[in-house]
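In: Got a sequence here, can you build the structure:
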Amino acid sequence: MTAAEYNQHFKARTKAFALGVIRLSEDMERNIASDIILKQLLRSATSIAANYRASCIARSDKERYAKLCIVVEETDETDFWLDLLTDAFPKMEPVTRPLCGEAQELVRVFMAYRAKLKTHLTNPNA
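Out: Have a look, this model is predicted:
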């Protein structure tokens, strides 16, 4: 897979993930607790896609690395909010479980990409 194909794949994947969270929020019962969790969840999930896109057009490897650090952090935070939502509203588990799995997989992928980029930044000849 070329770098351009990789970027396109993960742009689409992070956008689809954000849309999945948006759809979850539309199906959720509304109360004070769910509203607070959903607000945080929606912010972090949509931030993943936005910051990944930004990393793809970064002006330098250092800027790309900084954006990727945000992507990792937001993806992990999204996993937390999904986990909390599942624990607080167990009947939502059939919807939240696949999203949790995707969040965890995205964290692993982006952490590996971040580590590779850091190695390149610290030792460009490697």
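
In: Check which helices and strands the longest helix anywhere in the chain sits against.
Out: Identified as the longest helix of the chain according to DSSP state H is helix 93-122. Applying 3 or more CB pairs under 8 Å, 6 or more residues apart in numbering; DSSP states H and E, we find helix 93-122 packed against helix 3-27, helix 61-88. All C-beta spots, glycine's among them, are computed from the backbone N, C-alpha and C.

In: Need those in CSV (columns: mean pLDDT and distance to residue 117).
Out: Listed next are those as CSV, based on pLDDT from 0 to 100; distance: least, CB to CB, whole Å:
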stretch, mean pLDDT, distance to residue 117
helix 3-27, 95, 12
helix 61-88, 97, 5
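
In: tell me the most buried of those?
Out: helix 61-88 (a mean of 19; mean count of other CB atoms under 10 Å).

In: Report the inter-axis angle for it versus helix 3-27.
Out: Orientation of helix 61-88 against helix 3-27 (axes from the mean of the first three to the mean of the last three CA atoms, to 10 degrees) gives an angle of 30 degrees.

In: Remind me what helix 61-88 packs against, helices and strands.
Out: helix 32-56, helix 93-122.
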